[in-house]
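**Q** predicted model follows, preceded by the sequence.
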Amino acid sequence: MSDSNNISSLYPPPPPYVKFFTKDNLERLAEYQSSHVTTDPEQITCELDFLIPPPVPSAGHYRAFGSVWQVKDELPDLETVGLRNLYDDRGQHGNNYQYKIKELHKLLKSLLLNMLELVSVLSVNPERFPDKVEHIRTILFNIHHLLNEYRPHQSRESLIMLLEEQLEHKKEEIANIHAICDKVQAKLAAMCKQYIADD
């Protein structure tokens, strides 16, 4: 009963090796790294080894925040997942994003049509709805896959737009600074003329 009432913390507790990050150990670390040569960077021989960060994984997977992550994040094909591919993603259309947008529009129209067909099937013969639901499921997976393929392009375009906006903002700031400098120079010139005229 008490196990079910335990309150879990919002953040996980710090790892146990955090106690080795003391001022003395940090001062001894440089000397230890220069004198100690290790063949396996993940082998712990003394408490100072905890202060040396592990190498970045180059292949396979790693564990972080309780989840397993792949080092190389790749989008699997629909066929490898066991789903039917409803659009051509090979050959000349591989990186053509305009083509992917057109295919996305086609899939959306197909989804709307299948939804209407599902409604009509449910009104006439409700026992035949699983086939339509499976068609809709396949279309939705294809739409989701197309959107995931489009994400890198969308990220690049968003970054380009952000940089263009920043550039325009900087140009406006520079123009405002030049206008203020011109006003200041005009006022200084007027004050100099007035000072010379008064003498």
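**A** Sure, I can see it. All of these numbers come straight from a predicted model, not from anything done at the bench.

**Q** show me where the protein has helices.
**A** Taking DSSP state H to define them, one finds helices in the chain at 23-35, 78-81, 97-124, 129-198.

**Q** these two touch, right, E47 and F20?
**A** Yes. Checked against Cβ atoms under 8 Å, the pair E47 and F20 is within contact range at 4.7 Å. C-beta coordinates here come from the backbone N, C-alpha and C atoms, glycine included.

**Q** adding distance to G66 and mean neighbour count as columns, could you present the helices of the chain in a markdown table?
**A** Shown next, in a markdown table, are the helices of the chain (distance: least, Cβ to Cβ, whole Å; neighbours: other Cβ atoms under 10 Å):
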| stretch | distance to G66 | mean neighbour count |
| --- | --- | --- |
| helix 23-35 | 28 | 11 |
| helix 78-81 | 24 | 11 |
| helix 97-124 | 34 | 14 |
| helix 129-198 | 24 | 12 |
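
**Q** please parse this protein into its domains.
**A** Using the TED database, the domain parsing of the chain gives 8-54, 78-151, 166-198.

**Q** how about these, which one is nearest W69?
**A** Among these, the nearest to W69 by Cβ to Cβ is domain 8-54 (14.7 Å).

**Q** low-scoring stretches of the protein, by residue?
**A** Filtered on pLDDT under 70, the chain yields the residue ranges 1-9, 37-43, 89-95, 199.

**Q** same thing but at 90, please
**A** Across the chain, the ranges flagged by pLDDT under 90 are 1-101, 125-129, 148-154, 193-199.

**Q** how close does the residue lying closest to Y62 once chain neighbours are set aside sit to T80?
**A** In space, Y62 comes closest to W69 once its chain neighbours are excluded; the distance is 5.7 Å by Cβ to Cβ, 6 or more residues apart in numbering. To T80, W69 is 19 Å away according to Cβ to Cβ, to the nearest Å.

**Q** can you check I52 too?
**A** Distance, I52 to T80, using Cβ to Cβ: 39 Å.

**Q** do the same with F65
**A** 26 Å.
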